[in-house]
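> Predicted model follows, preceded by the sequence.
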Amino acid sequence: MKNFRLLPFLLLITALLPLALYIFSASATLKRQISFTVSNDPQINLAQSLSGLKGAYNQWVNRIYLSAVHFAQKENLKKFLSAKKPSLEAFKVFGRELVNSTQLPLVILTDKNGNDLFDNQNVPHPVPSPETGIPAATTSAKPLPDKKKSRLKTKPTPALISLLGFPGLDRALQGNSLTGFFNYRGSLYEGSLVPVTSGNKTLGVVILGVLADQVYVDNLKHDVINELALYTDTETFCSRPIPAPSIDFRKRMEFMASGGHPKPPLQVEWSHLVYLADGFPLYDLDLKPAAFIAAFQPVKETLTVAGFPQKTIAKAGLWFLLLALLLSAGAVWLFMVPFNQLMEAVAQIKLGNLNAKLPVNRRDEIGLMARSLSEMVESMKETDRVSLILGKVVSPLAAKKILESRDLFAIKGERRDVTLLHADLRGFNTLSENMTPQNLVEALNQYFSLINEIVFKYEGMLDRFMGDAAIAVWGAPIPHEDKEWRAVQAALEIQEALKDFNISRIKKGNPPFTVGIGIHTGTVVSGNLGSEKRYDYTVIGEPLHIATRLCAMATPGQTVVSEETFEKVKKQVEAKPLNPIAVKGSMESLKTYEITKIL
């Protein structure tokens, strides 16, 4: 706790230390900057940026090319392309696999004749090749004789689209791999065409491509510090959200393609700043310039610093330090007041005062701690309340229901209709004479634990243990509409559980336990009985004596119930009548029954 009280001071030191370091480092840094002139060579920076841009571009191109080569070398693909009647469904599977593995926007697979077997651009209808005029859709279904036309329907194979007009496809079908920019369906792509070969035969072509658009520029920008712009004949894409400056990239590309000496970088104005711009052309499949990628390096002017700014920073730092001290002192005061209040309440609770006032209405950590302590105190109060009201062992579920009811359930006493279960060991005196006290107590505890668990399972209350006997109650303190049925189930389960219990005793060389059980339903008086220092919740009345007599009547392993109990469960059990017994104060005998099993 003492360490916790030091927490505010530790926080104060932690807050002030970075501030002091900041003042020292700021002063030292500025002093060093005053010692020399800040200089900058934008041409060198631009050259370094272009070198990095070329490396990033080459990595991107190689990735596309190697993905196409890897797929073109798959033996399964070659096998399907070599088949006399290739399955278009199989090529769709290959195409989807290629799309998923490369995540590229353009994936095309053709056969050796240039027909489109898979195209993730989903061409909507067949069109003739623009260069060759070959029909784009053909069918391999042969006409049937007139006699058979009435009986059979032809099923034409799916039409194939010719891609012989695709840029560079004719050379790829001759076994050449191509890489560069190309136009497809009105869009500019950077991609590769790789033939699928088997020996000296070309079986088809794999075409992969990425769209030259904003995403393309953003991907290249990941490896370059400077801003980039991609110039094409129709569009310009820029790494900044504002339009790129206009430059005559065509002349620059033609000059570079002719092998002329490098021109100095262009100087352009972009968003009120001066930049140096330079780049390199991007070539199509015929090695002709198709686009121009440019990098922009800002031109920084030479700066000098005059005066004595370190003194100004030091003065400002001292004022800031003073302000920080005042704010920290205020924060510590605001923290310590409720914290001391919380500690005083904890001390009161420790002394037994469960009504100590806690700052539970605060919205900070102190309030959270106070609410947690308040919940703990309420739990302690509930525990005391359980001990006060029940004064005995009940199941957790029963205790929960009693507490939720917020009712002291007739401390002065009330009449309740209950079902009583009386269980008694048979031959206990003989067993106790032949066992050591330690073994006897251990065996009885195991026997009573078995009964306790089963009674709690059916939400009963263990009223008392008397020597080798146990009395359980259903209907008080918690009312149950099916109290008779719960008691009968518990009795039969006790008899079954004793069989397993006795097996373990016999294996250890100990004599078995047998029990007789009597069950009766009647009206009793329930309440807390006892003195001011010790009282218990219990039940009293004639039904207790009747249950005891039924128990005495039961033979080992037998469960005997009265007529009042039997009438409530007769449709649910199998039973046989026994001899009636006389009841004190009644002219009529009480009918009894043995419960043999549950239906």
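Arrived safely, thanks for sending. Every value quoted in this text rests on a predicted model; they were computed, and no experiment measured them.
> Assign Gly416 to helix, strand or coil.
Heads up, residue 416 is Arg, not Gly. With DSSP: H, G, I helix; E, B strand; the rest coil as the basis, Arg416 sits in strand.
> Please apply the same query to Phe118.
Once three-state DSSP is applied, Phe118 turns out strand.
> Just give me the neighbour total for it.
Using other C-beta atoms under 10 Å, Phe118 has 20 neighbouring residues. Any C-beta I mention is one placed from the backbone N, CA and C, and that applies to glycine too.
> Okay, and the beta partners of it?
Beta-bridge partners for Phe118, by DSSP bridges, are Leu109.
> pretty sure it is touching Val93, no?
No - Phe118 lies out of contact with Val93 (C-beta atoms under 8 Å); the separation is 9.1 Å.
> residue boundaries of the strands in the stretch 451-599 of the chain?
Taking DSSP state E, counting those that start in this stretch, the strands of the stretch 451-599 of the chain run over residues 461-466, 469-474, 515-530, 535-540, 559-562, 573-582, 589-598.
> wait, I meant the stretch 201-350 of the chain
Going by DSSP E, counting those that start in this stretch, the stretch 201-350 of the chain shows strands at 201-211, 227-231, 236-238, 266-270, 273-283, 289-298.
> State the distance from His422 to Asn120.
82 Å (C-beta to C-beta, to the nearest Å).
> Give the residue spans of the stretch 1-150 of the chain that score low on pLDDT.
Judged by pLDDT under 70, the stretch 1-150 of the chain has its weakly predicted residues at 1-19, 21-22, 24-40, 86, 122-150.
> For it, which segments are assigned as strands?
Taking DSSP E, counting those that start in this stretch as the criterion, the stretch 1-150 of the chain carries its strands at 106-111, 115-119.
> Please identify the deepest-packed of these.
Burial of the strands of the stretch 1-150 of the chain is given as mean neighbour count (mean count of other C-beta atoms under 10 Å); strand 106-111 ranks first at a mean of 25.
> could you give the angle of that one to strand 115-119?
Counting by axes from the mean of the first three to the mean of the last three C-alpha atoms, to 10 degrees, strand 106-111 lies at 150 degrees to strand 115-119.
> I'd like the distance from strand 106-111 to the chain centre, please.
40 Å (C-alpha atoms, centre = their mean, to the nearest Å).
> Residues contacting it, please?
Contact with strand 106-111 is made by 81, 86, 91, 94-95, 98-99, 116-121, 160, 163, 166, 169, 173, 184, 189, 191, 203-211, as judged by C-beta atoms under 8 Å, 6 or more residues apart in numbering.
> Now do the closest residue to Pro167 other than its chain neighbours against Leu106, distance only.
Counting by C-beta to C-beta, 6 or more residues apart in numbering, Pro167 lies nearest to Phe182, which is 4.0 Å off, once chain neighbours are set aside. Distance, Phe182 to Leu106, using C-beta to C-beta: 10 Å.
> which residues do the two both contact?
By C-beta under 8 Å, 6+ apart, the residues touching both Phe182 and Leu106 are Tyr189, Gly191, Gly209.
> so which of the residues you listed would you say is closest to Ala244?
Ala244 has its nearest neighbour among the shared contacts of Phe182 and Leu106 in Tyr189, at 20.7 Å by C-beta to C-beta.
> which residues touch the closest one?
Residues near Tyr189 by C-beta under 8 Å, 6+ apart: Leu106, Phe181, Phe182, Asn183, Gly209, Val210, Leu211, Ala212.
> for these, which one is nearest Tyr283?
Phe181 (6.8 Å).
> Enumerate every residue touching the nearest residue to the closest one once chain neighbours are set aside.
Residue nearest to Phe181 in three dimensions, not counting chain neighbours: Ala290, with 3.8 Å by C-beta to C-beta, 6+ apart. Ala290 is in contact with Gly180, Phe181, Leu188, Thr232, Pro281, Leu282, Tyr283, Asp284, counting by C-beta under 8 Å, 6+ apart.
> now the fifth one: how far from Arg252?
Going back to what we said before, that points to Pro281. 8 Å.
> what's the overlap in contacts for the two?
Phe292.
> quick one: low-confidence ranges for the stretch 401-550 of the chain?
In the stretch 401-550 of the chain, residues with pLDDT under 70: 401-412, 532-535.
> Likewise for the stretch 151-300 of the chain?
151-159, 257-262, 300.
> With Lys576 as the reference, measure out to Glu484.
On the measure of C-beta to C-beta, Glu484 and Lys576 end up 18 Å apart.
> Domain boundaries for this protein, per the record?
Using automatic domain parsing, the domain parsing of the chain gives 11-38+302-389, 73-139+156-211, 215-298, 409-598.
> hang on, Ala20 packs against Leu321?
Yes - if you go by C-beta under 8 Å, Ala20 and Leu321 touch, sitting 7.5 Å apart.
> Need the overlap of contacts for those two.
Shared contacts of Ala20 and Leu321, defined by C-beta under 8 Å, 6+ apart, are absent.
> sorry, back to before: quick one: which of Glu484 and Lys576 has more around it?
Taking neighbours as other C-beta under 10 Å, Glu484 and Lys576 compare with Glu484 leading, 25 against 8.
> Make a markdown table from the contacts of Ala290 and add neighbour count and distance to Trp270 to it.
A markdown table is the format used below for those (neighbours: other C-beta atoms under 10 Å; distance: C-beta to C-beta, whole Å):
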| residue | neighbour count | distance to Trp270 |
| --- | --- | --- |
| Gly180 | 20 | 29 |
| Phe181 | 22 | 25 |
| Leu188 | 22 | 24 |
| Thr232 | 17 | 19 |
| Pro281 | 21 | 21 |
| Leu282 | 21 | 21 |
| Tyr283 | 16 | 27 |
| Asp284 | 20 | 28 |
